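Participant: Structure of the sequence below:
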Amino acid sequence: MSSTHLTVNNLHCQPGSQELFDGLSISVAAGETIELRGPNGCGKSTLLRIMAGLQQPDSGDVIRYVEPIGYLGHKFGLASILTVQENLRWTSTLNGAKFDTARAQELLEVFELRTATNKLIQELSAGQKRRCSFVCLLIGEYKLWLMDEPFSSLDSQGEELVRKLIQEHSRTGGSAVIASHAASPLAQAIQVELGIS
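Facilitator: Next up, the predicted model:
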């Protein structure tokens, strides 16, 4: 039987006059990838932030069975005045883990960022920043990934790499919840449609 990583129970969220969702319940189990689908403004990013504990719903419960959770927002979540290497060191401390230099170099190689190791984040292209944010996510060794538009700013090669990493993460007992408004390359994802009430 699969272990549960997170549950959302009877969630209600209405920022202002627009109700995003009411009575929403979702369960995320080990080995699952859930894709939140719907148009811009339907609450995908809000739901991810609520799942991550960064925002509170009007009512309902979120139960997290694994901590900490890896959150990759629509923005890159990187310190622009630090180098790639410094960002990786800082990220690893959030989990209380010792920085693994060999693992970091391996991931930078996978994401074709080895030559950018000592560059400031502000010197990188949007695609390189997105790749670096994935390296930070991976080095944290989180069981549950919450990802907002993870394929944005990536070329086709980058999309394929991320798709394989998400599949491997689920295959080895991890889980992921992904927000997307476009066609996704994740064929095995469980789709949850969100719509504006």
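
Participant: Kindly list the longest helix within the chain.
Facilitator: The single longest helix within the chain, with elements called by DSSP state H, is helix 156-171.

Participant: now the strands for this structure?
Facilitator: 4-13, 21-29, 33-37, 59-64, 70-72, 144-148, 175-180, 190-193 (DSSP state E).

Participant: Dump these to a markdown table, plus mean neighbour count, mean pLDDT and distance to Gly158.
Facilitator: Heads up, the C-betas are built off the backbone N, CA and C, glycines and all. Converted to a markdown table, those look like this (neighbours: other CB atoms under 10 Å; pLDDT from 0 to 100; distance: least, CB to CB, whole Å):
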| stretch | mean neighbour count | mean pLDDT | distance to Gly158 |
| --- | --- | --- | --- |
| strand 4-13 | 18 | 95 | 26 |
| strand 21-29 | 17 | 93 | 25 |
| strand 33-37 | 21 | 92 | 18 |
| strand 59-64 | 14 | 95 | 29 |
| strand 70-72 | 22 | 91 | 14 |
| strand 144-148 | 25 | 95 | 14 |
| strand 175-180 | 25 | 92 | 15 |
| strand 190-193 | 12 | 88 | 23 |
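
Participant: Tell me what the spatially most central residue of the chain is bridged to.
Facilitator: For the chain, the residue nearest the mean C-alpha position is Met147 (2.4 Å; CA atoms, centre = their mean). Met147 has these beta-bridge partners by DSSP bridges: Leu72, Ile178.

Participant: Wait, it touches Ile178, no?
Facilitator: Yes. Here Met147 reaches Ile178: they are 4.8 Å apart, a contact under CB atoms under 8 Å.

Participant: And the nearest residue to Glu149 once chain neighbours are set aside, how close does it get to Pro39?
Facilitator: Leaving aside its sequence neighbours, Glu149 sits nearest to His74 (CB to CB, 6 or more residues apart in numbering; 5.6 Å). Relative to Pro39, His74 is positioned 15 Å away (CB to CB, to the nearest Å).

Participant: Compare these two and say which is more crowded by neighbours.
Facilitator: Legend: neighbour count by other CB atoms under 10 Å for His74 and Pro39, higher for His74 (14 against 10).
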